[in-house]
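*Asks:* I would like the atomic coordinates for the input below:
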Amino acid sequence: MASAVQSSTALDQNATFAGLTAEDAELLQRVQQGLSITADVSRADICMVVGADDGMQIIAQAFPHSITSLYKQSWVGRILPSDENPLLASALVQGRKGKTQVNLLEQGTPVVLEVFPVVSSQGRVIAALKVETNLIASERQHRRDDIFKKAVIWLQGMALRGDLAGAVELSPFSEWDGVVFVDDSFKIRYVSGIANNLYRRLGYLDNLQGKHIGDLQTKDVHLITEAFRTSRCQEHQVMEGSRYWTRKVVPVWSPGSNWWPFRNSNSGKPILRGALVLVHDETEQREKARQLAVLSTMIKEVHHRVKNNLQTVASILRMQGRRSDDPETRLQLTEAVNRVLAVAVIHEFLSREDDQMINVRDVCQRIITQTQRAAVSPGKMISMNVQGPPIHLPSQQATACALVANELVLNALEHAFTGRESGSVTVQLSDKGDQVVLVVADDGVGLPESDEQLDSLGLTIVRTLVEGDLKGEFTMERAEPGTHASVTFNKEVSNRI
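*Replies:* You can find the predicted model right below:
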């Protein structure tokens, strides 16, 4: 299973690189940019460390996407004691590479540890790479074809030299992606089992090993040609047949060597060995994304129609209220209109947004705007505003919160300004991390001596919503001046499509 931990390959800006030149720092930056794809293909965790006053400091880290990472979180910035990491200390001080088996301290997992010095153009060791592979993955890699194992060694060497130009722009290489190695004459020399199955989906049923990559009638040969020409990693998304493919091409170079069975080496000079072609079939992901897009559009259309229907109901109730001669009936119908419109606001937001999280601050702003328009008597100067940061909640919580805010604002307008022509109502939102606090404050006459107002229909609705839907607490208290109604509840995780 691919790691859920994201790569953390950016250099630690707080690290102190004592004694390093600008050229050295630029080399470390290039090394860092190649760590992610190297970790993916190597199926290993990679850290880059430099010397520090009290040990060795990790300045960059890459988690593999092709296998579960050994780490649950980033170690960038940590100091490693030299006496507890002798192999790594030897690489930094003496420039020696090394390999051993250790037990990872956090889990006790058996790990194959390799260390490599990073050497500047002047021959100085300026950093070291720590490559850690769990023992099972290491054994699997060991049993792979010799050509692939050599290609991984060359890739790691390129990462050490900072030669993986364009690697930082590549998308991750995942567990279910295929690997093909093509030599510098465009002959296929290695095909992983996954890659073989992927090409079978395109109709290539024969053994691909030894074939010229151009014989496949795919876009591979053009991408490899460009990678060879520019000496840069390439990535391309294309439709092959009825399938959507992403291909990454990493040109592989190495210093001169006597080992290579398909051509004569020129010892001592950089040699183009070929290219790693990393193949990803994203047909299923695209189809799922298409289906989700269709489903999202349908759901938004449903919310849009519900919003229109609620607004129609509100219009009918408003017309009925205007025809009534009884002030109490008109008041009750006006409050019903506002309750219906408060729910309609939520459906309006859901009909527009792709995300099912609702910005409650925007909802409260809409509610007080339409409440001021519908419920404030002509001639009264009641100012209303919303304060606090944007707070995003799942639609169910947002609906309950909107109705609570609506009822508390209506309650304030109905009772706080008796005998007064002016005043203010403020909706205050506070984000406490795991909790949300909603306060509706007015500067009116304050709470009455009797409990009659506290038993009104509006406040009964508030208590029901707060205790039943929001699983929170509701309090009302006298302030100087006016009244503060406070609701506190815990956030819930959104149920996304």
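
*Asks:* Neighbours of residue 409, how many?
*Replies:* Residues near residue 409, counting by other CB atoms under 10 Å, number 26. No exception for glycine: its C-beta is placed from N, CA and C like everyone else's.

*Asks:* Isn't it up against residue 369?
*Replies:* No: between residue 409 and residue 369 there is no contact under CB atoms under 8 Å: 10.8 Å.

*Asks:* Going along the chain, name the helices of the chain.
*Replies:* 22-33, 35-42, 86-94, 135-142, 146-161, 193-201, 220-230, 283-323, 327-352, 360-375, 395-415, 457-464 (DSSP state H).

*Asks:* low-confidence ranges in the stretch 351-497 of the chain?
*Replies:* 353-356, 449-455, 493-497 (pLDDT under 70).

*Asks:* go again using 50 as the cut-off
*Replies:* Counting by pLDDT under 50, the ranges of the stretch 351-497 of the chain that qualify are 494-497.

*Asks:* And for the chain?
*Replies:* 1-7, 258-267, 494-497.

*Asks:* Quick check: bridge partners of the closest residue to residue 101 other than its chain neighbours?
*Replies:* Distances taken as CB to CB, 6 or more residues apart in numbering put residue 112 closest to residue 101, at 5.6 Å, once the chain neighbours are dropped. Following DSSP bridges, residue 112 is listed with bridge partners residue 101, residue 133.

*Asks:* start to end distance for stretch 168-177?
*Replies:* Chord length of stretch 168-177, first to last residue, is 18 Å (CA to CA, to the nearest Å).

*Asks:* In it, which residues are buried?
*Replies:* 168, 170-174, 177 (16 or more other CB atoms under 10 Å).

*Asks:* Out of these, which is nearest to residue 447?
*Replies:* residue 172 (59.4 Å; CB to CB).

*Asks:* which residue sits closest to the closest one in space, ignoring its chain neighbours?
*Replies:* residue 65 (3.8 Å).

*Asks:* burial of that neighbour, as a residue count?
*Replies:* 23.

*Asks:* Surely it and residue 171 touch.
*Replies:* No: taking CB under 8 Å as the definition, residue 65 is not a contact partner of residue 171, at 9.2 Å.

*Asks:* Make CSV out of the helices of the chain and add distance to residue 478.
*Replies:* What follows is the helices of the chain, written out as CSV (distance: least, CB to CB, whole Å):
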stretch, distance to residue 478
helix 22-33, 61
helix 35-42, 60
helix 86-94, 66
helix 135-142, 67
helix 146-161, 68
helix 193-201, 70
helix 220-230, 73
helix 283-323, 32
helix 327-352, 24
helix 360-375, 22
helix 395-415, 13
helix 457-464, 15
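
*Asks:* looking at those, which is buried most?
*Replies:* Of the helices of the chain, the one with the most neighbours on average (mean count of other CB atoms under 10 Å) is helix 35-42, at a mean of 27.

*Asks:* Tell me which residues are up against that helix.
*Replies:* Under the criterion CB atoms under 8 Å, 6 or more residues apart in numbering, residues 7, 9, 45-46, 48, 60-66, 129, 131, 133, 141, 152, 155-156, 159, 164, 167-168, 170, 172-174, 179, 233, 248, 250, 276, 278 lie in contact with helix 35-42.
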